[in-house]
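Student: Got a sequence here, can you model it:
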Amino acid sequence: MTNGNPIKVLVVDDTVFYRKIVSDILAELPDVEVVGTANNGKIAMSRIAFLEPDLLILDIEMPEMSGLEVLASIQERSLDVGAIVLSSLTPEGGEITMRALDLGAFDFVPKPDTGSMEENRKVIRDTLVSMLKAFVRRKEVRRILKGESDLAGTESVDRQRGVVSPGVVQRMGAITSRRTVKSEIVGIGISTGGPNALSQIMPQFPADLGVPILIVQHMPPMFTQALAKSLDSKCSMEVKEAIDGQPLLPNVALIAPGGKQMKLVTGEDGINRIVRITDDPPENSCKPSIDYLFRSIARHYVGRATGVIMTGMGSDGVLGLKLMKRNGSTIIAQDESTCVVYGMSKEAIDAGVVDVIAPLDQISAEIMKTVRIYH
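Tutor: All right, here's what the predicted structure looks like:
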């Protein structure tokens, strides 16, 4: 999992059960060292100083000092320690989790509320393993970029903004010179690191963007509603969790509900498009799935759509993007240096379907170049 030294983890939870189960899981993993535990945030802050962990596995609701207060304190002191938070599967837990992500948490692990102890243990283990790999990868990328910056000064800035292959450069030039039909819809697919990334790009859109945005963020039920609420409070355009049967409207962003699939279909009038929320099976082990949404966008907006693939593990979205590209869509991918996990966007770039590769702070501008209002 790491190159050299093990990743040092401090487990912080007020319940003995979760401290033990998380510590036991981590102890089984190679290249991971549990350097200590704490039963509240106050104790955790005192132990960070001398244990020097790389990462906290952090409960949010604790006595004396909550997980949110811990994250705020880490931010205020500019401490070099990451955090993965443990979250309750409730609407309230979802809202608190969004606040934790706003305060810099790397990601979150939902606490299972059903199933046997062994089943719950497996769920937590599988989730933690993938997140730890992503966390280590992000640290390595940041270390490399910092080293480049120290060695090369301003020369490294261009490299940090992504290396674009000659083939992509040619396609970007062709798109700029020949595209006359603007997009009428934007589809965004995103996973690990998504809430923080979306909170940066979505507020950059004006209230009169002129087109709808459909978003698939890999998340469990209840957390997508909290994400929509959080983004809506920050954005000029309206952001909602999608509801089955609602029409697509310009200047409204809809987020696929966690644990469901979202697609577009033609309305009863045969002209307008509406959203369908289904219980169809997972695709790429994802529900909601980016491929599931992007296929329907490709079908209903031939030559008039923008597909955006961003930070996340795996390859969900690539097959949908291939279909969108075949049907004339413009495809934008987040660059490696700003992805928390350079997985989904890398797969799309490697597949040869991407027209524009952009860092996070330029994604919104690239999207706005493609929509109708910006003739």
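Student: CA only for contacts and neighbour counts going forward, please
Tutor: OK.
Student: In the chain, what helix or strand scores lowest on average pLDDT?
Tutor: The weakest-scoring helix or strand in the chain, judged by mean pLDDT, DSSP states H and E, is helix 156-160 (a mean of 37).
Student: does residue 107 have beta-bridge partners, and which?
Tutor: Beta-bridge partners for residue 107, by DSSP bridges, are residue 84.
Student: Contact partners for it?
Tutor: 83, 84, 85, 101, 131, 192, 193 (Cα atoms under 8 Å, 6 or more residues apart in numbering).
Student: what separates the residue of the chain most remote from its centre from residue 290, distance-wise?
Tutor: Taking Cα atoms, centre = their mean as the measure, the residue most remote from the mean C-alpha position of the chain is residue 269, 35.3 Å away. Distance, residue 269 to residue 290, by Cα to Cα, to the nearest Å: 27 Å.
Student: Show me what counts as buried in stretch 301-312.
Tutor: Across stretch 301-312, burial judged by 16 or more other Cα atoms under 10 Å covers 301, 302, 303, 304, 305, 306, 307, 308, 309, 310, 311, 312.
Student: The fifth one reaches residue 184, doesn't it?
Tutor: When you say that, I think you mean residue 305. Yes. Counting by Cα atoms under 8 Å, residue 305 touches residue 184, with 5.8 Å between them.
Student: Contacts for stretch 315-322, please.
Tutor: 189, 283-284, 286, 289-295, 298, 307, 309, 331, 343-344, 347-348, 351, 353.
Student: swap the cut-off to 6 Å and go again
Tutor: 284, 290, 291, 294, 295, 344, 347, 348 (Cα atoms under 6 Å, 6 or more residues apart in numbering).
Student: Please report how far the second one lies from residue 284.
Tutor: Going from residue 290 to residue 284 by Cα to Cα gives 9 Å.
Student: Those two: which is more packed in?
Tutor: Between residue 290 and residue 284, counting by other Cα atoms under 10 Å, residue 290 is the more crowded of the two (32 against 15).
Student: show me the contacts for that one.
Tutor: The contact partners of residue 290, by Cα under 6 Å, 6+ apart, come to 189, 216, 316, 317.
Student: Mind doing that once more with 8 Å?
Tutor: By Cα under 8 Å, 6+ apart, the residues touching residue 290 are 189, 190, 216, 316, 317, 320.
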